[in-house]
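Chemist: Sequence first, predicted coordinates after that:
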Amino acid sequence: MSGLPPQQVLAILRIRQWMQDRIALKTARAIDYERVGWKERRRRQSDARIVRVIDFERAFQRLSHEEQTALAGIYRDNLGQDVTAAAIGCSLRKLSYLLPIARQHLADILDRLDLL
């Protein structure tokens, strides 16, 4: 990720962390939310993971549909640029201009929400 501004690199890392957290939540056991008081360490970690996923998804929804599709296709789903451009319905050239703008826009949103 050389050559990218630090905020954009952090935004990419948050996308990847979001992907890992979602996978971990989908494969984990259900949490007993009725329990009050002391919690096991693994349950607290799971609760923190849920909060991180919800906060990131709330920030991610503030992006335009094109920006969401571009970032999710490239960084979450590891699709090629040609496949991502076809999913958006644009040319590769437009996607190459859209990606840095989308990364910066996401970084700004995450920074404002103190999630970066």
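Modeler: Great, that's in hand.
Chemist: now the helices for the protein?
Modeler: Under the criterion DSSP state H, the chain contains helices at 6-27, 41-60, 65-71, 81-88, 92-112.
Chemist: Could you check the angle the worst-scoring helix or strand of the chain on mean pLDDT makes with helix 92-112?
Modeler: In the chain, the helix or strand scored least confidently by mean pLDDT, DSSP states H and E is helix 41-60, which has a mean of 80. Computed by axes from the mean of the first three to the mean of the last three Cα atoms, to 10 degrees, the angle separating helix 41-60 from helix 92-112 equals 120 degrees.
Chemist: if we can go back for a sec, so which of the helices of the chain is the most packed in?
Modeler: Most buried of these, by mean neighbour count (mean count of other Cβ atoms under 10 Å): helix 65-71, with a mean of 19. (C-beta placed from N, C-alpha, C; glycine too.)
Chemist: tell me the mean pLDDT for that helix?
Modeler: What helix 65-71 shows for mean pLDDT is 95.
Chemist: Show me what it is in contact with.
Modeler: Contacts with helix 65-71, where a contact means Cβ atoms under 8 Å, 6 or more residues apart in numbering, come from 15, 60-61, 63, 84, 87-88, 90, 95, 98-99, 101-103, 105-106.
Chemist: cutoff 10 Å now
Modeler: 11-12, 15, 60-64, 77, 79, 81, 84-85, 87-90, 94-95, 98-99, 101-103, 105-106 (Cβ atoms under 10 Å, 6 or more residues apart in numbering).
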